[in-house]
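J.: Here is the input, now give the coordinates:
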Amino acid sequence: MALLMLAPSLLRAQDDGPPISITSPDTAVTFAYGNIKSHTLIWDKQRQLLIAHVVFTDTEGGTDQPQDDEHEFRLPGVSFDESKGIFYAVSARGETIPVARFKKTLFFKTIEVLPNAVIHIQHPRGNVTVLLEAISPSDPAMHPPATNPDGTRKVGINDILH
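T.: Numbers count the residues shown, from 1 in each chain. So this is what the prediction gives:
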């Protein structure tokens, strides 16, 4: 509590959430006790749209032949810079933040989420939603302070106030 009185901006920063938060307008219903079998990102070049492709399976259903259930979720607001192979989104403050990139493998390209971004696939009781969240790569959360060999880190009063 004393820390919050010294630095009330810390509380506000946590409440604001990440600068990028895109909830897919698409929802789905799948197996109530299903598991995520796979998930990939796809770039629809014609529609200029990033899509999360998710496959669920009912392996917990006790059948010998598990069933798969595939769904696609649009992630609007993500643009692609073809010359750099980077996908970007723009925050409410107008900051352009990279969220994913094309990764070349031996025979094909895949899209991988960058370390500053995460895709959440939520499926409580089979109701599916997909959410993309990202912070700026220069955000201090992306660069935690070094720790001492014993796993602790020293924080000075100036670190708390600034």
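J.: can we go C-alpha only for contacts and neighbour counts from here?
T.: OK.
J.: Please, where are all the helices along this protein?
T.: Under the criterion DSSP state H, the chain contains helices at 2-6, 9-16, 157-161.
J.: Pick out the shakiest of these, pLDDT-wise.
T.: Least confident of those, judged by mean pLDDT, is helix 2-6 with a mean of 38.
J.: where in this protein is pLDDT low?
T.: Scanning the chain for pLDDT under 70 picks out 1-17, 60-63, 143-162.
J.: Excluding chain neighbours, give the residue nearest to the residue nearest the centre of it in space.
T.: In the chain, the centroid-proximal residue (CA atoms, centre = their mean) is V118; its distance is 1.7 Å. Take V118 and drop its neighbours on the chain: the residue closest to it by CA to CA, 6 or more residues apart in numbering is E133, 5.5 Å away.
J.: Could you list everything that neighbour pairs with in the sheet?
T.: Beta bridges link E133 to S21, V118, judged by DSSP bridges.
J.: quick one, what contacts it?
T.: If you count contacts by CA atoms under 8 Å, 6 or more residues apart in numbering, E133 has them with P18, P19, I20, S21, I22, A117, V118, I119, H120.
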